[in-house]
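Chemist: heads up, no residue letters with this:
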């Protein structure tokens, strides 16, 4: 399945913090570069996420803000 | 100002597509790695975004999905 | 690719309103039931969306609100 | 109150997973068709959500992605 | 209809920038305090938004970030 | 750092509900006017949020819906 979301980053699961409803997942997408995601626990289980597993971060362009110094 | 958004990527503006309300901005955050953002034209002008300018992509963790092959 | 987004609805493209940056796409997911999406024009072209094409609406659970009468 | 969100689906609460901050609610909007939402526990209590209650899923068009096979 | 979104601010439409797909609407919710929204042109027309009209800004708590100096 | 998000409201932390993954924070931005935010616990700790602390609510315009009576 090809998704309209413009931003797709491949990485490896580096940590999981599991709550009652949500899970926070940290992906390492390049050495020292991490992406934090919060998804439902049900989704995390459906995808079989665990430490070291390969996964993609998927981000819709309208959810990206910009900033300058 | 320090923002709660967990994901912050520094890059350079590589392209701008300007609409009547929104602007699509592509940041290059590493060689060959791009982030696409859609922000309002008013925001783009307020930040003074233009080709080659340094900027950050800012993404809230709850807006990041995950996927597996 | 399997995505963490909990909500996935298969449908047929019923209309497209094309702007300079974004496109509004209406999917019919059941007789008389429609889903409206706004994605970038670049994404719409990448997916090859056109009238009558089959596509899925993909929605993260944290983007769904609830309401009562 | 009439909301700008383009997507409104009427359904029945089929399950609730209650966390400390958030609640995951599954609405059945047609036989076998479900929508998953994550809202705050405070909102769920304000709306009086419980199993079998009628409710609407409300989704802003810019939060809908599209995908193709 | 009562919505789960936690943040609801009543105001008056102060400006509209109309695009092909989206409209940017500025609400004045208190003297000198404004909220900017981007919604679809179709929604703006459905709600009958025009200068001086009363309207509410509706914001889901999970879409609010925090920042400190 | 200057962020593209159009909506920035200064306030004082009035309550915190701490979960395993997320925290709900209520900011009072004017006498009797509150904004509810859900951010990750890690972000809340990074920003040092606590009762009475000054903070800003930051909201992207595309995450604001409108409604009329």
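Modeler: Sure thing, it's come through. All values derive from a computational prediction rather than experimental measurement. Numbering: from 1, shown residues only, chains lettered A, B, ... in the order given.

Chemist: use CA for all of it now, contacts and neighbours both
Modeler: OK.

Chemist: partners of the lengthiest strand in chain A in the sheet?
Modeler: When chain A is parsed with DSSP state E, its longest strand is strand A:7-18. Strand pairing for strand A:7-18, using DSSP bridges, gives strand A:22-30 (antiparallel), strand A:54-59 (antiparallel).

Chemist: buried stuff in it?
Modeler: A:7, A:8, A:9, A:10, A:11, A:12, A:13, A:14, A:15, A:16, A:18 (16 or more other CA atoms under 10 Å in any protein chain shown).

Chemist: swap in stretch A:24-39?
Modeler: Those buried within stretch A:24-39 under the rule 16+ other CA under 10 Å are A:24, A:25, A:26, A:27, A:28, A:29, A:34, A:35, A:36, A:37, A:38, A:39.

Chemist: quick one: contacts for the closest residue to chain E within chain A?
Modeler: Scanning chain A for proximity to chain E using CA to the nearest CA identifies residue A:63 as nearest, at 9.6 Å. Residue A:63 makes contacts with B:37, B:38, B:59, B:60, B:63, as judged by CA atoms under 8 Å, 6 or more residues apart in numbering or on different chains.

Chemist: and the two most separated of the buried residues of stretch A:24-39?
Modeler: Greatest spacing in those, by CA to CA: A:29 and A:39 (17.5 Å).

Chemist: circling back to that earlier point, out of the buried residues of strand A:7-18, flag the one nearest to chain F.
Modeler: Nearest to chain F among those is residue A:18, at 6.9 Å by CA to the nearest CA.

Chemist: mind listing what the closest one touches?
Modeler: By CA under 8 Å, 6+ apart, residue A:18 lies in contact with A:24, A:41, F:20, F:21.

Chemist: name the nearest of those relative to chain D.
Modeler: residue F:20 (7.5 Å).

Chemist: excluding its backbone neighbours, what's nearest the closest one?
Modeler: The shortest distance from residue F:20 to any non-neighbouring residue, by CA to CA, 6 or more residues apart in numbering or on different chains, is to residue A:19 (5.0 Å).

Chemist: compute the number of surrounding residues for the one you found.
Modeler: When neighbours are counted by other CA atoms under 10 Å in any protein chain shown, residue A:19 registers 18.

Chemist: surely it and residue A:41 touch.
Modeler: Yes - counting by CA atoms under 8 Å, residue A:41 is a contact partner of residue A:19 at 7.4 Å.

Chemist: looks like residue A:59 contacts residue A:7 (just checking).
Modeler: Yes - with contact defined as CA under 8 Å, residue A:59 counts as touching residue A:7 (5.0 Å).

Chemist: who touches the helix or strand of chain A with the lowest mean pLDDT?
Modeler: Every helix and strand of chain A was ranked by mean pLDDT, DSSP states H and E. The lowest is strand A:2-3, at a mean of 94. With contacts defined as CA under 8 Å, 6+ apart, strand A:2-3 is touched by C:1, C:47, D:65, D:66, D:67, D:68, D:69.

Chemist: ok now it, how far from the chain's centre?
Modeler: Chain-centre distance of strand A:2-3: 16 Å, with CA atoms, centre = their mean, to the nearest Å.

Chemist: now for residue A:36: which residues touch it?
Modeler: Counting by CA under 8 Å, 6+ apart, residue A:36 touches A:24, A:25, A:26, A:27, B:6, B:7, B:61, B:64.
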